[in-house]
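Asks: when you get a sec, could you give me coordinates for this:
(2 chains)
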Number of protein chains: 2
Amino acid sequence: MTVNIKRLDASQSDFDSSLTTLLAWDDSVDHQVNETVRHILHQVKTRGDQAVLEYTKKFDRLDVASVSELEMSQDRLQQALNTIPQDQRDALEQAAERVRDYHQRQNQESWQYQDDDGTLLGQKVTPLDRAGLYVPGGKAAYPSSVLMNAIPAKVAGVSEVVMVVPTPDGVVNDLVLAAAATAGVDRVFTVGGAQAVAALAYGTDTIPAVDKIVGPGNIFVATAKREVFGTVGIDMIAGPSEILVICDGQTDPDWIAMDLFSQAEHDEQAQSILISPDAEFLNAVEASINKLLPTMERADIIRTSMTDRAALIQVTDLSEAATVANRIAPEHLELSVENPETLLQEIRHAGAIFLGRHTAEALGDYCAGPNHVLPTSGTARFSSPLGVYDFQKRSSIIGFSAKGADRMGRVASVLARGEGLTAHARSAEYRIKND
Amino acid sequence: MTVNIKRLDASQSDFDSSLTTLLAWDDSVDHQVNETVRHILHQVKTRGDQAVLEYTKKFDRLDVASVSELEMSQDRLQQALNTIPQDQRDALEQAAERVRDYHQRQNQESWQYQDDDGTLLGQKVTPLDRAGLYVPGGKAAYPSSVLMNAIPAKVAGVSEVVMVVPTPDGVVNDLVLAAAATAGVDRVFTVGGAQAVAALAYGTDTIPAVDKIVGPGNIFVATAKREVFGTVGIDMIAGPSEILVICDGQTDPDWIAMDLFSQAEHDEQAQSILISPDAEFLNAVEASINKLLPTMERADIIRTSMTDRAALIQVTDLSEAATVANRIAPEHLELSVENPETLLQEIRHAGAIFLGRHTAEALGDYCAGPNHVLPTSGTARFSSPLGVYDFQKRSSIIGFSAKGADRMGRVASVLARGEGLTAHARSAEYRIKND
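Replies: Numbers count the residues shown, from 1 in each chain, chains lettered A, B, ... in the order given. Sure, this is the predicted structure:
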């Protein structure tokens, strides 16, 4: 059964509206989910540990007497790291080292300066005190996600990273625990769902309240994060994963087909798009797709994703490809071309950009170094990959000398009175010298 | 009529719960407002300019034939700047210069490095294409807010800053327009409310869609911003303004009373708190408050705010004051003490920190240089002042050499297979050399 992939042509007059249709993604709110989540949040906020125990029994079928029984010791994490196969341990540790090395370069420094009046101005950078990391259980349990969320927090200087992960029926994923050990996660609770988000946001007697909650999750987790935003910080609410490949037609079509599959296998709503000025190459990749699909473990998911959401887009040249890429602002952008650094100069909006034929997007998911938590659904127009900066915040520093307060107090007084805020004006005027 | 201000004592056993009660702020959602806002958003999204015209006629009583008639020309902005009194123009321009100078130091640079395999890693920083700035009309029309929101965007390199400001019954605030001219705002539309937020988020034939919307507004504006988040970026949703003053007891009590008033005059829900180890000083400030209150233009607002939400907190020493301050994570923190830089070292969470007796918080509102848009309601635990970084975003750069792809492809393959994602694994494996 051949996969029918949409074809778009940037030279057609209806291209812009076709592209809009292709990219449209329904993120409408499910009111039933909202109601359920609000109820769970309220229960945990008001009844703490007891509510956490009840929901964990109900949803994960774990019946314990106290939440402290749901905490995993550091010994248990270390045991997982010692238990997994050596090649997995090596891979985890190599990936962690590269991720740590890259993220250390994102560390922000405090700075100060004095102006001519002797007035001190600056910006003080401090880490969050405590961060919460949600890790999904079951089939979507990804150790790489533990590394990508926990390492930036630890590099930022967060004192305590608290991880929550559901273990339905007590089934534990040792790779996930090994990743937690490798990343330096401080505490782990086997709690999941909206109840875990609530516990991290409000705190219970046993689970400490955090300042920010990060990490992926299902619709209940995402809705809960959205609801507690303001009480704590949250990371982005992610849409389906996407890849956009720009190819000059000179890369092996099998490689490109597999790169498209690597997004499509995530879920049916994932989106894989290829842009090329070479119509024959688009045909060749389509042939590779049909050739390779039957060999894939996740063929059904890939087929649905490719049929519903993929596209092959023909453009006049690579410059037009860059224009289309900026319009899409993709999560992942592969520049599979001869001179990727030249094309890079034309790219303004993308979460992560992969240069050259050898840079498979999958390398970025695991071990290149940069984060794999990236803005989806076009939000790369205004947001950034998860980073150390997400676990630090800034405070402005202002220290006026007597001379500076005298001079700038006059300016503040005029502006405050112009706004009718006379307490502001008089507060500044007290510091003006009257000699 | 004496103002009764709450007294708290950090040495009392119920201090923590008293403080929690003091800080509690009801930000519950108004479902009626939500419904109204969603309807307006939907109308503007689907009917564009026509809906904007209808709502502007309905809410602002402006009846025009096309949205282009609601645009103000650059000439009109310049005319406002030429019309206002010279001392106001001078003050605006001095403030703008200091704000610009400070914010230029927040500019972020792209960076790249090569690892031992010749693999390129980096982070590319780019400005947003277009930013929207909401400016309230009527009595809360603050020119300083135009400077504080527009200047960081322009410093960041945003090509087009689009300002919306309602002008009910056609009443225009020349100081606001003059500030727009000074800050370099590119386009101004006299549209307000949820309809203005919708126009900026979705775009209409006349008003361009932006990538991020910033600026203060009433409950309809705040709710609309919350709803369009995801389609565009937004800044923080601000709670009531707050000031926390830590004083060693040696600052003139009238100065401190006026500093507290400068927050209290904003609105009845604003919160002013003074912490001191000196009980006599707390009494002296209370006396100053009662002495000065009758002389204030906004005495009624101040009285309500001070009665309902202010507090005088006694502590054992300045170190305990810092602990309480970190617990509160205030928007504004004055360290009105002899050695503020020593005390600063103990402060972890605050939006802006004002050092020494001469640094009235009001100076920071207008012309110190740092931004006056700051995290409220304890969110300084995890968020930062508005800054240039809010108008820039990062893209990760990954360029593997053939050698690097070979080496790291093996790591990615192991981890991808560990997660059951075989398309990821095979995509990486294609780039492994088989010789």
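Asks: in this structure residue A:67 contacts residue A:189, no?
Replies: Yes: using C-beta atoms under 8 Å, residue A:67 makes contact with residue A:189 at a distance of 7.2 Å. Just so you know, the C-beta spots here come from the backbone N, C-alpha and C atoms, and that holds for glycine as well.
Asks: so what's in contact with these two at the same time?
Replies: Common contact partners of residue A:67 and residue A:189 (C-beta atoms under 8 Å, 6 or more residues apart in numbering or on different chains): A:206, A:207.
Asks: comparing these two, which residue is more hemmed in?
Replies: Neighbours were counted for residue A:67 and for residue A:189 using other C-beta atoms under 10 Å in any protein chain shown; residue A:189 has more, 25 against 21.
Asks: for beta bridges, what are the partners of the more buried one?
Replies: On the basis of DSSP bridges, residue A:189 is bridged to residue A:71, residue A:164.
Asks: and it, how far is that from residue A:59?
Replies: 14 Å (C-beta to C-beta, to the nearest Å).
Asks: before we move on, what about residue A:134?
Replies: Noted for residue A:134: a distance of 15 Å to residue A:59, by C-beta to C-beta.
Asks: give me the more crowded residue out of those two.
Replies: Neighbour count, other C-beta under 10 Å: between residue A:134 and residue A:59, residue A:134 has more, with 27 against 17.
Asks: doesn't residue A:218 make contact with the more buried one?
Replies: No: with contacts defined as C-beta under 8 Å, residue A:134 does not count as touching residue A:218, sitting 10.1 Å away.
Asks: only C-alpha atoms, please: export stretch A:382-391 in CSV.
Replies: Extracted C-alpha coordinates of stretch A:382-391, given in CSV (Å, rounded to 0.1, in the frame of the first residue of the first chain):
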residue,chain,number,x,y,z
PHE,A,382,9.4,33.7,19.9
SER,A,383,10.8,31.0,22.1
SER,A,384,14.0,29.1,22.7
PRO,A,385,15.2,25.6,23.4
LEU,A,386,15.1,24.6,27.1
GLY,A,387,18.3,25.8,28.7
VAL,A,388,20.3,26.8,31.7
TYR,A,389,18.6,30.2,31.4
ASP,A,390,15.2,28.5,32.2
PHE,A,391,16.5,27.6,35.7
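Asks: what comes into contact with that stretch?
Replies: Under C-beta under 8 Å, 6+ apart, the answer for stretch A:382-391 is A:103-104, A:106-108, A:127-128, A:131, A:148-149, A:152-153, A:155-158, A:212, A:214, A:235-236, A:351-352, A:370-371, A:373-375, B:128, B:211-212, B:232-233, B:389, B:393-396.
Asks: so what's the most centrally placed residue in chain A closest to, chain neighbours aside?
Replies: Nearest residue to the geometric centre of chain A (C-alpha atoms, centre = their mean): residue A:373, 3.1 Å. Excluding its sequence neighbours, the residue lying closest to residue A:373 (C-beta to C-beta, 6 or more residues apart in numbering or on different chains) is residue A:386, at 3.7 Å.
Asks: next, the contact list for residue A:195, please.
Replies: Per C-beta under 8 Å, 6+ apart, neighbours of residue A:195: A:40, A:43, A:44, A:51, A:52, A:55, A:56, A:59.
Asks: so which of those are in helices?
Replies: Those of the contacts of residue A:195 mapping onto helices are A:40, A:43, A:44, A:51, A:52, A:55, A:56, A:59, per DSSP state H.
Asks: secondary structure element holding residue A:383?
Replies: Using DSSP states H and E, no element contains residue A:383; it sits outside every helix and strand.
Asks: model confidence score at it, please.
Replies: Turning to residue A:383, the model gives it a pLDDT of 96.
Asks: ok, it - how many residues close by?
Replies: Residues within reach of residue A:383, counting by other C-beta under 10 Å, total 21.
Asks: quick check: phi and psi at it.
Replies: Dihedral angles of residue A:383 (phi, psi; degrees, to the nearest 10) stand at phi -140, psi 170.
Asks: tell me how far it lies from residue B:122.
Replies: Taken as C-beta to C-beta, the span from residue A:383 to residue B:122 is 18 Å.
Asks: how about residue A:410?
Replies: 46 Å.
Asks: scan the ones in helices among the contacts of residue A:195 and report the most crowded one.
Replies: Highest neighbour count within those, by other C-beta under 10 Å: residue A:44, with 29 neighbours.
Asks: list the contacts for the nearest residue to that residue once chain neighbours are set aside?
Replies: Leaving out its chain neighbours, the residue that sits closest to residue A:44 by C-beta to C-beta, 6+ apart is residue A:198, at 3.5 Å. By C-beta under 8 Å, 6+ apart, residue A:198 lies in contact with A:40, A:41, A:43, A:44, A:45, A:51, A:52, A:224, A:228.
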